[in-house]
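Peer 1: What would the 3D arrangement of this be:
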Amino acid sequence: MAYETRHGQARDYRAPGGHADPGGATVGPAGFANLVLLRMREMNSRHGMHAFELRNGPNALGPHALAFLYRDTAHEPGRPPHDVVRAATRLFRDSPDVRDLPDLLHTLAGIARQYVLRGGFDARTVMAHRSDPTSAQARYVGVGVSSLDTVAGPWSQVRSQAGNALDVPGRSWIHLVDGTRLILDRGGPFGVVGVTYSSRALEVSQGMPYTAWRPLGYRTGDLSEVVWPALESLVGEVWRGAELIANPIRRHR
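Peer 2: Numbers count the residues shown, from 1 in each chain. Purely as a prediction, here's the structure:
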């Protein structure tokens, strides 16, 4: 089930002829969205920890970090093959040009567009600083943003108020190529409630039920009005770059 938003339905980049879902998928869309949420919660927690530890030094981290997300199949002893989410991530040193999230996303989408015009690219190698191990069957499925700017305030304010890394709240913005949009708020002691907002139902009949979620909506003047279009632009350019790599014949059409 997908929920209509004030911006309308996000584009599904998989159709026609997309390659987002590898053969042998073991979970459906809701189950896979749960896997994405778990991976982004892990990333956002680590982002907050590292940012707190480095907050006063010359290598202080910016409030936003990126995860290019991939669907892969894990083969582990004693378990049948199963879906996993892999991420290629990028952190940014703090500076004025990385503090505004929509501007940062538009800048990165423009860079990705230049790579597309040159014949395609793999975000894991040209736009990320580190990557989880992936197999040849891994398929790009979207982009997640780990942010330390929350309803508690901007990171520039919260970092001076937090007593330790566990005090740092966070928010993840996630846009998948199938049109799913997710917001994951990770709570802290400054009034941030840990809750997930989703454009699709997240309950699954078996496996990992995810019940602490609310339908994604928008309010006039909300930051999401400018974040979602910017994030969708980046998602689309990375998708086009991945498609050109996977289908070289398209470069010459």
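
Peer 1: Contact partners for W213?
Peer 2: Counting by CB atoms under 8 Å, 6 or more residues apart in numbering, W213 makes contact with 195-198, 202. Bear in mind the C-beta positions are built from the backbone N, C-alpha and C, glycine included.

Peer 1: Oh, that last question was meant for Y115, not what I typed.
Peer 2: Contact partners of Y115, counting by CB under 8 Å, 6+ apart, are 121, 126, 237, 241.

Peer 1: that older thread, write the ChimeraX selection for whichever of the contacts of W213 are buried.
Peer 2: Only the buried entries of those go into this ChimeraX selection, using 16 or more other CB atoms under 10 Å:
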select :196,197,198,202
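
Peer 1: Find the nearest non-adjacent residue to L231, please.
Peer 2: Closest residue in space to L231, ignoring its immediate chain neighbours: H175 at 4.7 Å, by CB to CB, 6 or more residues apart in numbering.

Peer 1: D149 now?
Peer 2: Once flanking residues are discounted, D149 sits nearest to P63: 5.0 Å by CB to CB, 6+ apart.

Peer 1: these two touch, right, that neighbour and L148?
Peer 2: Yes - the criterion here is CB atoms under 8 Å, and P63 meets it with L148 at 4.5 Å.

Peer 1: residues in contact with whichever strand or helix holds the residue nearest to L231?
Peer 2: Assessed by DSSP states H and E, H175 sits inside strand 170-176. With contacts defined as CB under 8 Å, 6+ apart, strand 170-176 is touched by 10, 33, 36-37, 40-41, 43-45, 47-48, 69, 101, 141-150, 180-186, 188, 227-228, 231-232, 235.

Peer 1: Mind doing that once more with 7 Å?
Peer 2: Outside strand 170-176, the residues that touch it by CB atoms under 7 Å, 6 or more residues apart in numbering are 10, 36, 40, 44, 47-48, 141-148, 150, 181-186, 227, 231-232, 235.

Peer 1: Can you name the element that comes right after that strand?
Peer 2: Next element after strand 170-176 (DSSP H and E): strand 181-186.

Peer 1: What pairs with that following strand, parallel or antiparallel?
Peer 2: With DSSP bridges as the test, strand 181-186 is paired with strand 170-176 (antiparallel), strand 195-198 (antiparallel).

Peer 1: Can you mark which positions in it are buried?
Peer 2: Here strand 181-186 shows 181-186 as buried, counting by 16+ other CB under 10 Å.

Peer 1: Tabulate these (a markdown table), appending pLDDT.
Peer 2: Output for the buried residues of strand 181-186, formatted as a markdown table (pLDDT from 0 to 100):
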| residue | pLDDT |
| --- | --- |
| R181 | 96 |
| L182 | 96 |
| I183 | 95 |
| L184 | 94 |
| D185 | 92 |
| R186 | 89 |
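
Peer 1: and which of those residues is nearest to R55?
Peer 2: For the buried residues of strand 181-186, the residue nearest R55 by CB to CB is R186; the value is 17.6 Å.

Peer 1: thinking that closest one is in contact with D167, fair?
Peer 2: No - between R186 and D167 there is no contact under CB atoms under 7 Å: 11.5 Å.
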